[in-house]
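Got a predicted structure plus its sequence, pasted below:
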Amino acid sequence: MVKHMEIRNTPPFEDESLIVGRDNDISFLVDMLCNKNDGGLLVNAILEMGGQGKTTLARMVYNEDATINMLPKRMWVTISDDFDFMKILNQIVVSLTSRPSVLENAGLIKDLREKLKGEKFLLVLDDVWNEKPEEWEKLMNSLLGVGGARGSNILVTTRSQKVIDAMRCFRK
């Protein structure tokens with residue numbers, strides 16, 4: 001299931017302690033990630049214009065104690081324009097293990113399966129631009145194949161409604 005929310009405009013800040021006015025957004029997303037998902041792999045998206053704080057908001061949610069406790073395996077991958085399947089899988093492994101990986105496709109998926117099988121995880125895909133449903137499907141099928149526990153989540157940040165559409169998101 002894929003969900004998406006639009007969030008009001010807020011200027012970006014580098015120092016998270018200086019950010020005000022996003023508490024409701026943070027609480028909503030943490031609740032969505034930690035408490036509202038007892039099914040399969042859930043994809044949520046933050047959709048805003050550039051410079052509005054999508055990455056900062058996602059980072060704050062990623063670092064929340066409740067998120068860390070409920071989703072102990074956490075990975076962060078910045079995508080931007082380069083939606084290269086192998087590169088993304090490699091970056092997921094690097095984010096999870098904190099060490100470089102030189103494995104190929106099957107090896108990367110096997111490595112992810114060994115590390116994520118039966119574990120709840122959060123994968124943040126930051127700054128996504130890819131609008132091709134077939135490439136999303138390939139990535140999603142690989143992530144579904146790693147055997148993460150029910151309640152695992154992907155959080156996507158994007159500027160593009162077309163990305164949301166490619167992911168087959170719907171508005172709640």
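Structure's in. What do you need?

Surely V124 is in contact with W76?
Yes: assessed by Cβ atoms under 8 Å, V124 is found in contact with W76 at 4.7 Å. (C-beta placed from N, C-alpha, C; glycine too.)

what touches both of these two?
Taking Cβ atoms under 8 Å, 6 or more residues apart in numbering as the criterion, V124 and W76 both touch Y62.

Those two: who's more crowded?
Neighbours per residue, other Cβ atoms under 10 Å: of V124 and W76, the larger number sits with V124, 22 against 18.

check which helix or strand covers that one.
strand 121-128 (DSSP states H and E).

now swap in I68 and tell me
Per DSSP H and E: helix 65-70 holds I68.

now swap in G148 and tell me
Assigned by DSSP H and E, G148 falls outside every helix and strand.

give me every residue that touches it.
Taking Cβ under 8 Å, 6+ apart as the definition, contacts of G148 comprise L41, K73, L116, K117, G118, E119, K120, F121.

Hmm, M75 and the last one touching each other?
Yes: when contacts are counted by Cβ under 8 Å, F121 is listed as touching M75 (6.9 Å).

Confirm A45 sits in a strand?
Yes: counting by DSSP: H, G, I helix; E, B strand; the rest coil, A45 is part of a strand.

Could you give the bridge partners of it?
Assessed by DSSP bridges, A45 has beta-bridge partners H4, V156.

Quick check: it vs D126, distance?
The spacing between A45 and D126, counted by Cβ to Cβ, to the nearest Å, is 11 Å.

The chain: helices as residue ranges?
Secondary structure of the chain (DSSP state H): helices at 23-34, 54-62, 65-70, 85-97, 105-116, 133-144, 161-166.

Flag the shaky bits of this structure, pLDDT-wise.
1-21, 36-38, 102-105, 168-172 (pLDDT under 70).

again, only this time at 90
1-26, 31-44, 47-53, 80-87, 89-90, 93-94, 97-119, 130-151, 163-172 (pLDDT under 90).

circling back to that earlier point, quick one: which of A45 and D126 has more around it?
Taking neighbours as other Cβ under 10 Å, A45 and D126 compare with A45 leading, 23 against 19.

And stretch 140-160, end to end?
Terminal residues of stretch 140-160 are spaced 19 Å apart (Cα to Cα, to the nearest Å).

how about A149, what does it touch?
Counting by Cβ under 8 Å, 6+ apart, A149 has contacts G118, E119, K120, F121.
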